[in-house]
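A structural model of the following input is requested.
(chains A and B)
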Amino acid sequence: GENVEQHPSTLSVQEGDSAVIKCTYSDSASNYFPWYKQELGKRPQLIIDIRSNVGEKKDQRIAVTLNKTAKHFSLHITETQPEDSAVYFCAASNRGTSYGKLTFGQGTILTVHP
Amino acid sequence: EAQVTQNPRYLITVTGKKLTVTCSQNMNHEYMSWYRQDPGLGLRQIYYSMNVEVTDKGDVPEGYKVSRKEKRNFPLILESPSPNQTSLYFCASSLSPVGYNEQFFGPGTRLTVL
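Below is the predicted model of the structure:
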């Protein structure tokens, strides 16, 4: 089955700096890679996703890049703000065959210091 | 309001006492999933369902049962809970398979098994 590794487990940055979180996956058939943000005591919420037919996707201060050859993808947050502090999870799925199956990484605790 | 609800939100029980955590969505979603969240392990999928009477195992199904008799409900059943099932549980739903539409999470159920 799919295995997703996420690094780092914790990340501390100053407000205004950039933050990068990296994930690797094992199943070359995976073709859908979402990122979720979970604030303290809240439920996970989708913030951005990428499908395997593109290499990069941006949404304001958030971007995700995908390297299919190396089987890794990354979340980039620019101009970080204190409200970006949360746990971030990457995930992978083969949306053509696994229908409902989604494998998550271990999570990254991001702290943005004012 | 479109939402996924879970009950109870908090539960403390003892080893071996059968329990059910309910999950309900009012968005007419076909796909529903159960996850458990543990520190350092991220979110791990327990079971998922593609439609009424159609379910499949996720990555950690041992010790759990599910049923999907109605489209809106997807209860998680622990027939004989053990302390290693102490965790934070999330139900989620989506209109179509993972990767085609956003997956919405419920508020979570914190379960403690003594």
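
alpha carbons of stretch A:54-70, as PDB, please.
What follows is stretch A:54-70, C-alpha atoms only, in PDB (Å, rounded to 0.1, in the frame of the first residue of the first chain):
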ATOM      1  CA  VAL A  54       0.600  19.500 -13.200                       C
ATOM      2  CA  GLY A  55       3.900  20.300 -11.500                       C
ATOM      3  CA  GLU A  56       2.900  23.400  -9.500                       C
ATOM      4  CA  LYS A  57      -0.200  25.100  -8.200                       C
ATOM      5  CA  LYS A  58      -0.600  28.400  -6.400                       C
ATOM      6  CA  ASP A  59      -3.300  30.000  -4.400                       C
ATOM      7  CA  GLN A  60      -2.300  33.400  -3.000                       C
ATOM      8  CA  ARG A  61       0.500  32.800  -0.400                       C
ATOM      9  CA  ILE A  62       0.300  29.000  -0.700                       C
ATOM     10  CA  ALA A  63       1.900  26.900  -3.400                       C
ATOM     11  CA  VAL A  64       2.400  23.200  -3.900                       C
ATOM     12  CA  THR A  65       5.000  21.600  -6.200                       C
ATOM     13  CA  LEU A  66       5.100  18.000  -7.400                       C
ATOM     14  CA  ASN A  67       8.000  15.900  -8.700                       C
ATOM     15  CA  LYS A  68       6.500  12.700 -10.000                       C
ATOM     16  CA  THR A  69       9.900  11.200 -10.900                       C
ATOM     17  CA  ALA A  70      11.300  11.600  -7.400                       C
END
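
what comes up buried for that stretch?
A:62-66 (16 or more other Cβ atoms under 10 Å in any protein chain shown). C-betas here are computed from N, CA, C, even on glycine.

contact residues of chain B facing chain A?
B:31-33, B:35, B:40-45, B:48-50, B:56, B:58-59, B:90, B:97-100, B:102-103, B:105-108 (Cβ under 8 Å from any Cβ of the partner chain).

so of those residues, which ones are in strands?
B:31-33, B:35, B:42-45, B:48-50, B:56, B:90, B:105 (DSSP state E).

and the residues you listed, which is closest to residue A:105?
residue B:42 (5.5 Å; Cβ to Cβ).

just the pLDDT for the closest one.
Residue B:42 carries a pLDDT value of 92.

count of neighbours near residue A:40?
8 (other Cβ atoms under 10 Å in any protein chain shown).

scratch that, residue A:101
Quick note: residue A:101 (other Cβ under 10 Å) scores 21 neighbours.

quick one: contacts for it?
Applying Cβ atoms under 8 Å, 6 or more residues apart in numbering or on different chains, we find residue A:101 in contact with A:2, A:93-94, B:45, B:48, B:56, B:58, B:98.

rerun that using 7 Å as the cut-off
Taking Cβ atoms under 7 Å, 6 or more residues apart in numbering or on different chains, we find residue A:101 in contact with A:93, B:45, B:48, B:58.

returning to that earlier point: the residues of chain B next to chain A, buried ones only, as a PyMOL selection?
Selecting the buried subset of the residues of chain B next to chain A in PyMOL, with 16+ other Cβ under 10 Å as the burial test, is done by:
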select buried, chain B and resi 31+32+33+35+42+43+44+45+48+49+50+56+58+59+90+97+98+99+103+105+106+108
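
adding distance to residue B:80, write the ones in strands among the residues of chain B next to chain A out as a markdown table.
As requested, these are exported to a markdown table (distance: Cβ to Cβ, whole Å):
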| residue | distance to residue B:80 |
| --- | --- |
| B:31 | 28 |
| B:32 | 24 |
| B:33 | 23 |
| B:35 | 21 |
| B:42 | 26 |
| B:43 | 24 |
| B:44 | 20 |
| B:45 | 21 |
| B:48 | 22 |
| B:49 | 22 |
| B:50 | 27 |
| B:56 | 22 |
| B:90 | 22 |
| B:105 | 27 |
